[in-house]
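[1] no sequence for this one, just the structure:
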């Protein structure tokens, strides 16, 4: 493949990388010298990556990479001094010229790029879920431990006031021993219930489709996958539970000492949408349905069973998406609806209803908890989700949602993805990292990579 860097970008990249000026030379109150500024390379910047870059304002974006240069064109224009790449491997070859990497590609490419950055000792910010598979999550966790660099998973509400104060309430025992948690989300936001496209349009000239596919199974290019819609397809994404579970799970994973579940049970609706295709006569048709869905359904429900742990009783964690919700708790006042996305904690002394990422708490029954005083603050609040990472990358503090937590949450969420995909009951042996009762489901724990893209 031809190198997509322009000569101007090459020179700018090298010049930016070399510009280290001591603070005392330029001075000024509040001035951040180039020597105190992180040099960031963004990979997968056309979509969510642009928001992650915006969150790191004040640092230097020295390189941008995206396989679709049309999709990422606006971002390229926003950072005119940044070198532009299409192949992330060529960017990694210039690793002495950046300090940190933002990985914002579709899920199926997270692990390969993240591992390459960690191997080079770079601080890494990665979109959630941390990886596409459980096997990858464990590889990335181990690599991050070895690298000892600053890492952060894109759960923006981690360690904010709402999340921390809710976690402190749960840890305090205010509602007693918790045996059930219900989490519901109003996604999917993308077309679901689809079947594989039949027609194969030409790949856009500004895009490298082979690079976009990376380790995933080969599929001909289709607008049914890119941009955005990839998240619903099991080859590339992890469905709604993989995408959204971490936004709620980070609040209670620690205080409830969840660890690994013993089993997960998944149910889904059986409707298929299918994208309209055109036959040879120009008539709209639907592709034939296939026996095994390759795309997430419009709605699913899941249940993880966690064993007794550290003096806590067994716990069942429920998940609902696509408009599904738990039954309304009888203690909730008739005039108060359940939020469109929320979490309900059920303890032996009461219940706690919150918004999805920890806000707007309501104890149930209300009369029992009138006058309740929250426990003292014991958790560190964030200095800003992105600021946490950039400061940690400079050796200033730690992050609240690094790859250690990110990998644990990914494992729980991706077990949900496997259960949603199979719509069956699966049993999980965490020590061995295998599904013990379902050979097909176990194959999704560590599926084969496309030749040439092995981890």
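    Here it is on my side, so go on. All values derive from a computational prediction rather than experimental measurement.

[2] give me the pLDDT value at residue 359.
    pLDDT, residue 359: 75.

[3] please report how far it lies from residue 332.
    Relative to residue 332, residue 359 is positioned 17 Å away (C-beta to C-beta, to the nearest Å). C-beta coordinates here come from the backbone N, C-alpha and C atoms, glycine included.

[4] assumed residue 84 was part of a strand.
    Yes - with DSSP: H, G, I helix; E, B strand; the rest coil as the criterion, residue 84 is located in a strand.

[5] need the per-residue pLDDT for it.
    The per-residue pLDDT reported for residue 84 equals 98.

[6] how near is it to residue 90?
    The gap separating residue 84 from residue 90 is 11 Å, by C-beta to C-beta.

[7] out of those two, which sits in the more crowded spot?
    Taking neighbours as other C-beta atoms under 10 Å, residue 84 and residue 90 compare with residue 84 leading, 25 against 15.

[8] for that one, list each beta-bridge partner.
    Taking DSSP bridges as the rule, residue 84 bridges to residue 64.

[9] right, and it touches residue 67 too?
    No - judged on C-beta atoms under 8 Å, residue 84 makes no contact with residue 67 at a distance of 11.9 Å.

[10] if I look at those two, which residues touch both of them?
    Common neighbours of residue 84 and residue 67 (criterion: C-beta atoms under 8 Å, 6 or more residues apart in numbering): none identified.

[11] I'd like to know how many residues surround residue 368.
    In terms of burial, residue 368 registers 13 neighbours under the definition other C-beta under 10 Å.

[12] what's the closest non-adjacent residue to it?
    Closest residue to residue 368 apart from its sequence neighbours, by C-beta to C-beta, 6 or more residues apart in numbering: residue 350 at 6.0 Å.

[13] same check, this time on residue 442
    Distance criterion C-beta to C-beta, 6+ apart; nearest residue to residue 442, sequence neighbours excluded, is residue 435 at 3.9 Å.

[14] how about the helices in the stretch 51-200 of the chain?
    73-78, 88-92, 110-119, 134-147, 161-172 (DSSP state H, counting those that start in this stretch).

[15] what is the first one packed up against?
    Right, the one you point to is helix 73-78. Judged by 3 or more C-beta pairs under 8 Å, 6 or more residues apart in numbering; DSSP states H and E, helix 73-78 is in contact with helix 49-55.

[16] report the distance from the helix it packs on to the chain centre.
    15 Å (C-alpha atoms, centre = their mean, to the nearest Å).

[17] what does the pLDDT read for the residue nearest to residue 368?
    Residue 350 is assigned a predicted lDDT (pLDDT) of 98.

[18] all further residue positions should be reported with the first residue as 502.
    Happy to do that; since the first residue is 502 now, the last one works out to residue 851.

[19] how near is it to residue 665?
    As for residue 851, its distance to residue 665 is 21 Å (criterion: C-beta to C-beta).

[20] measure residue 756 to residue 569 for me?
    Counting by C-beta to C-beta - residue 756 and residue 569 are separated by 41 Å.

[21] which one of the two has more residues nearby?
    Neighbour count, other C-beta under 10 Å: between residue 756 and residue 569, residue 569 has more, with 21 against 17.

[22] can you name the residues bridging to that one?
    Counting by DSSP bridges, residue 569 forms beta bridges with residue 708.

[23] tell me the contacts of it?
    Counting by C-beta under 8 Å, 6+ apart, residue 569 has contacts 547, 705, 707, 708, 709, 713, 727, 728.

[24] output those residues as JSON lines; include the columns distance to residue 887.
    Shown next, in JSON lines, are these (distance: C-beta to C-beta, whole Å):
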{"residue": "547", "distance to residue 887": "19"}
{"residue": "705", "distance to residue 887": "31"}
{"residue": "707", "distance to residue 887": "29"}
{"residue": "708", "distance to residue 887": "28"}
{"residue": "709", "distance to residue 887": "29"}
{"residue": "713", "distance to residue 887": "26"}
{"residue": "727", "distance to residue 887": "26"}
{"residue": "728", "distance to residue 887": "23"}
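
[25] look at the nearest residue to residue 687 once chain neighbours are set aside and report its pLDDT.
    On the basis of C-beta to C-beta, 6+ apart, the spatially nearest residue to residue 687 that is not a chain neighbour turns out to be residue 841, at 4.6 Å. On the pLDDT scale, residue 841 is placed at 93.

[26] and what of residue 748?
    Listed pLDDT for residue 748 reads 95.

[27] of the contacts of residue 569, keep whichever come out buried.
    By neighbour count, with 16 or more other C-beta atoms under 10 Å, these hold 547, 708, 709, 713, 727 as buried.

[28] doesn't residue 845 fall inside a strand?
    Yes - assessed by three-state DSSP, residue 845 belongs to a strand.

[29] what about it, how many neighbours?
    Other residues close to residue 845 by other C-beta under 10 Å number 24.

[30] that one and residue 749, how far apart?
    With distances taken as C-beta to C-beta, residue 845 is found 11 Å from residue 749.

[31] what about residue 747, helix or strand, and which?
    Secondary structure assignment for residue 747, by DSSP states H and E: helix 740-753.

[32] helix or strand right after that helix?
    strand 764-769.

[33] so how far is that next one off the chain centroid?
    Put simply, strand 764-769 sits 21 Å off its chain's centre (C-alpha atoms, centre = their mean).

[34] and that strand, which strands flank it?
    Strand 764-769 sits in its sheet next to strand 801-807 (antiparallel), strand 926-930 (antiparallel), going by DSSP bridges.

[35] check which element follows the first one along the chain.
    Stepping forward along the backbone from strand 801-807, the first helix or strand reached (DSSP H and E) is strand 816-821.

[36] so which bits of that following strand are buried?
    The neighbour-count check on strand 816-821 (16+ other C-beta under 10 Å) flags 816, 818, 819, 820, 821 as buried.

[37] and stretch 753-761, by the same measure?
    Those would be 753, 754, 756, 757, 759, 761, for stretch 753-761 by 16+ other C-beta under 10 Å.

[38] now do the residue nearest to the spatial centre of the chain against residue 749, distance only.
    Closest to where the C-alpha atoms of the chain average out (C-alpha atoms, centre = their mean) is residue 629, at 1.2 Å. Distance, residue 629 to residue 749, using C-beta to C-beta: 12 Å.

[39] with residue 656 instead?
    10 Å.

[40] compare those two (neighbour count), which wins?
    A count of neighbours by other C-beta under 10 Å puts residue 749 above the other of residue 656 and residue 749, at 27 against 24.

[41] in the sheet, who's paired with the residue lying closest to that one once chain neighbours are set aside?
    Using C-beta to C-beta, 6+ apart and skipping the chain neighbours, the partner closest in space to residue 749 is residue 684 (4.8 Å). On the basis of DSSP bridges, residue 684 is bridged to residue 820, residue 844.

[42] go ahead and confirm residue 684 touches residue 820.
    Yes - the pair residue 684 and residue 820 passes the contact test of C-beta under 8 Å, sitting 5.3 Å apart.
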